[in-house]
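[1] Just the structure for this:
(one chain, ligands or ions: 1)
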Amino acid sequence: MAADKKIPTLYEWAGSMPAFENLTNIFYSKVLQDPLLEPVFKHMSPQHQQHVAHFIAEVFGGPTTYSEGEGSHYQMVQKHLGKHLTEQHRKRWVELLLQTADELGMPDDPEFRSAFVGYLEWGTRIAVINSRENTLEMDEQQPMPRWGWGETGGPYVP
Ligand code: HEM
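    As a prediction, this is how the structure comes out:
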């Protein structure tokens, strides 16, 4: 890529906010039909899908919609406490999310997918670890995580 070309954020590359909102709307409708995940999510708030879309969008370099109006990294972590998530829950969650991304035609170039999957592995493993605790010492002001292209060095150039 030419040095003067701006590298898009993962958020831009994925298709901006409509892509993330579409992804989580369809993903959570699958989750509620999944025998393993339905019991975990059956009491989720009506805003859940949208909040998760906005959270991931912000982590990927999008607008600060989540942290400015809906929650914080601290609050997101709190939501997982005491949920006693298992590795099976985590694997199914990731599998269904990636299946939904494929169905929606989200970018499938190696660079985007390696960054996307890397984040999902990281985030879901932390969610499982946190879910074993009922309380957690954590700075309430902790900034939102940030995720970029990582070692791939930028979007796919054929
Ligand atoms: C990258 C991984 C993840 C992210 C970014 C994420 C993000 C979030 C966010 C932003 C919330 C708060 C939603 C709100 O404010 O309404 C939340 C809640 C929750 N998450 Fe996650 N999550 C992740 C992984 C997981 C996994 C793997 C599970 C279980 C398999 C899970 C189960 C839940 C549950 C049960 C809640 C509470 C729902 C409610 O009561 O409304 N999360 N998550």
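
[2] can you list the residues of the chain near the ligand?
    Contacts of the chain with the ligand, taken as CB under 6 Å from any ligand atom, map to 40-41, 43-45, 47-48, 51-52, 55-56, 71, 76, 79-80, 83, 85, 89-90, 93, 120, 123-124, 127. For the C-beta atoms, the positions are set from N, CA and C on the backbone; glycine is no exception.

[3] Now with 5 Å, please.
    44-45, 48, 51-52, 55, 71, 76, 79, 85, 89-90, 93, 123-124, 127 (CB under 5 Å from any ligand atom).

[4] any idea which helix is longest in this structure?
    Secondary structure of the chain read by DSSP state H shows that its longest helix is helix 110-131.

[5] Name the residues of that helix that are buried.
    Buried residues in helix 110-131, defined by neighbour count with 16 or more other CB atoms under 10 Å: 111-113, 115-116, 119-120, 123-124, 127-128, 130-131.

[6] In helices only, show me the residues of the chain next to the ligand.
    Reading helices off the residues of the chain next to the ligand with DSSP H, I get His48, His51, Val52, Phe55, Met76, Lys79, His89, Arg90, Trp93, Gly123, Thr124, Ala127.

[7] For ChimeraX, write the selection for the buried entries among those.
    This is the ChimeraX syntax for the buried subset of those, where burial follows 16+ other CB under 10 Å:
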select :51,52,55,76,79,89,90,93,123,124,127
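
[8] before we move on, back to that, from the buried residues of helix 110-131, which single one is nearest Glu21?
    For the buried residues of helix 110-131, the residue nearest Glu21 by CB to CB is Phe116; the value is 16.1 Å.

[9] Quick check: the gap between the closest one and Leu98.
    Separation of Phe116 from Leu98 (CB to CB, to the nearest Å): 8 Å.

[10] Gly61 now?
    Counting by CB to CB - Gly61 and Leu98 are separated by 20 Å.

[11] Check Thr86 too.
    19 Å.

[12] For whichever residue of the chain sits closest to the ligand, list the residues it contacts.
    Proximity of the chain to the ligand (CB to the nearest ligand atom) peaks at Gly123, 2.4 Å away. The contact partners of Gly123, taken as CB atoms under 8 Å, 6 or more residues apart in numbering, are Pro145.

[13] give me phi/psi at Val40?
    Main-chain dihedrals, Val40, degrees, to the nearest 10: phi -70, psi -30.

[14] Show the pLDDT at it.
    Per-residue confidence for Val40 comes out at a pLDDT of 97.
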